[in-house]
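Colleague: just coords:
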Ligand SMILES: Cc1cc2nc3c(=O)[nH]c(=O)nc-3n(C[C@H](O)[C@H](O)[C@H](O)COP(=O)(O)OP(=O)(O)OC[C@H]3O[C@@H](n4cnc5c(N)ncnc54)[C@H](O)[C@@H]3O)c2cc1C
């Protein structure tokens, strides 16, 4: 999978695509997999890197959403629990089940959460992950050795899924490619073309690497640009009213001493009525999130001071060692593409259900939803888009379609487990050139071969692509990522033939982005 091959597919393609998908996050790539696996001709264009938007910045939970149960949205929870089960089945190398503990400090909490979480387990039916139950104080401490003990009465345990979002996404890009789709990163859709009756019939786009513009025709164009959906809709109809209410959420990352053991903490009611998680992730502790309405989406959102204070203070209420700003290894922010609703005052109360909207121009917009439900969203979207484009009816086949690299028991591959069956190829690289087995930093498990692999097979084009989304270095430890950057740039320069000027520019651009992940 590389850019040259993708451009060749474009050149070889007859004039009109069945579908053009705009946006290379979970939603767009999910649509590309669904459409290509049905046999439709699909082109997907992403303005930056795959997953640069929200899809690399989530809490990384494949979940039904315990909170939505409380809101009474049973249908949404059941659908998401089914998708959680399918995701584990189809991508076992990237998704795992995880025990979540709700620690109880009040007498009423054990029966209250015990019953709710039992219902959550039952709603999963045959896609269940594990048995929810009430825990004694001792059992709670066995799961969570570093939870605050003052006043601790016990807890309730339930099970959900955890995954590595950006890694899953790149394996999904590979899956779509294998199914025949053409997918390009660093190509921005700058405009929509229309036929004489005013119907959208293609896109104009610009390759960010060369600056060259081009046009591509399609029977239907799908807008999967997440928090940016309204911008593209306005290119079709300048007067269209906004659909998206963007809301920011942040996470802080600490070392593993803050949350020892293999279980996560779920705080169902923070001081301002949100849910907060502390989760073990890639040998670190991930804590989040917030839900702060913002005026407009940006590609590199930055955590606000009040969000950082809130997460630190809430985590401190539940952990024996209260984390401080100095303990933060990385901070990252993401934007929820929530769908607007009239009469709803705060974004936390907005539905996480997805919406498919067809403008009068025929532009199909899919937004909202969750990472967990991307497959279901894609099925729904392709059904509607195919009808609109009068494509021959073809059934969805993604229920049991394995994601690229799918391998049971990938755990045995240690830090390379996220590559699934590709691990053998990465090991071959190291066998051929022992220097590629060298680590890039003592604080993180990444080796040089992963950089070569990311460039050769995973369409990584920048130092940031490698450090933020092919590996997760920037999200785990921003200072370590900065220290790794020169070695990564050197490896990429020899793979991609960069001259000194390009290498220097790449490093400067990475330092600029990485400064947003450091707490000063
Ligand atoms: C803080 C937070 C935590 C979350 N946690 C979870 C969780 O634990 N579990 C879960 O299931 N869900 C979670 N979600 C929700 C989930 O992450 C999102 O629903 C999902 O990632 C949205 O994906 P998307 O593809 O719609 O948007 P994005 O990932 O933002 O993708 C849209 C893409 O479109 C591209 N684009 C925009 N304009 C153009 C253009 N003109 N041309 C080409 N490309 C363009 C952008 O660059 C971007 O990459 C969370 C969300 C947030 C914010």
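Modeller: Sure thing, it's come through. Because the structure is predicted, anything quoted here is derived from the model rather than measured.
Colleague: what values do phi and psi take at residue 477?
Modeller: Backbone dihedrals for residue 477, given as degrees, to the nearest 10, come out at phi -160, psi 100.
Colleague: list the contacts for the closest residue to it other than its chain neighbours?
Modeller: Closest residue in space to residue 477, ignoring its immediate chain neighbours: residue 329 at 4.4 Å, by C-beta to C-beta, 6 or more residues apart in numbering. (Each C-beta comes from the backbone N, C-alpha and C, glycine too.) Contacts for residue 329 (C-beta atoms under 8 Å, 6 or more residues apart in numbering) come out as 253, 254, 255, 284, 476, 477, 478, 479, 480.
Colleague: likewise residue 482?
Modeller: Counting by C-beta under 8 Å, 6+ apart, residue 482 touches 510, 511, 514.
Colleague: same question for residue 46.
Modeller: Neighbouring residues of residue 46 by C-beta under 8 Å, 6+ apart: 23, 24, 25, 28, 52, 183, 184, 185, 186, 187.
Colleague: same list (those residues) but as a markdown table, adding neighbour count, pLDDT and distance to residue 276.
Modeller: Shown next, in a markdown table, are the contacts of residue 46 (neighbours: other C-beta atoms under 10 Å; pLDDT from 0 to 100; distance: C-beta to C-beta, whole Å):
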| residue | neighbour count | pLDDT | distance to residue 276 |
| --- | --- | --- | --- |
| 23 | 29 | 98 | 29 |
| 24 | 32 | 98 | 30 |
| 25 | 25 | 98 | 24 |
| 28 | 32 | 98 | 29 |
| 52 | 22 | 98 | 26 |
| 183 | 28 | 98 | 35 |
| 184 | 22 | 98 | 38 |
| 185 | 24 | 98 | 33 |
| 186 | 22 | 98 | 35 |
| 187 | 29 | 98 | 38 |
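Colleague: this protein against the ligand: which residues are in contact?
Modeller: Proximity of the chain to the ligand (C-beta under 6 Å from any ligand atom) is limited to residues 22-28, 45-48, 52-55, 57-61, 63, 188-189, 224-228, 232, 249, 289, 299, 334-337, 369-372.
Colleague: helix or strand: which one has residue 241?
Modeller: In the assignment (DSSP states H and E), residue 241 maps to no helix and no strand.
Colleague: number of nearby residues for it?
Modeller: When counting by other C-beta atoms under 10 Å, one arrives at 9 neighbours for residue 241.
Colleague: just to revisit the earlier point, quick check, pLDDT for the residue nearest to residue 477.
Modeller: As summarised for this prediction, residue 329 has a pLDDT of 98.
Colleague: I'd like the distance between it and residue 434.
Modeller: Residue 329 is 30 Å from residue 434, where distance means C-beta to C-beta, to the nearest Å.
Colleague: show me the contacts for residue 426.
Modeller: 416, 419, 449, 450, 453.
Colleague: return the closest of those with respect to residue 428.
Modeller: residue 449 (9.1 Å; C-beta to C-beta).
Colleague: quick one, what contacts that closest one?
Modeller: Contacts for residue 449 (C-beta under 8 Å, 6+ apart) come out as 426, 429, 430, 436, 437.
Colleague: and the last one, how close does it get to residue 480?
Modeller: It stands for residue 437. Distance, residue 437 to residue 480, using C-beta to C-beta: 19 Å.
Colleague: just the contacts of residue 46: which are in strands?
Modeller: The members of the contacts of residue 46 that map onto strands under DSSP state E are 183, 184, 187.
Colleague: right, and the second one touches residue 3 too?
Modeller: Yes: the pair residue 184 and residue 3 passes the contact test of C-beta atoms under 8 Å, sitting 6.9 Å apart.
Colleague: by proximity to the ligand, which residue of the stretch 401-520 of the chain wins?
Modeller: Of all residues in the stretch 401-520 of the chain, residue 469 sits closest to the ligand, at 10.5 Å by C-beta to the nearest ligand atom.
Colleague: helix/strand/coil for the closest residue to that residue other than its chain neighbours?
Modeller: Closest residue to residue 469 apart from its sequence neighbours, by C-beta to C-beta, 6+ apart: residue 166 at 4.0 Å. Classification of residue 166 using DSSP: H, G, I helix; E, B strand; the rest coil returns helix.
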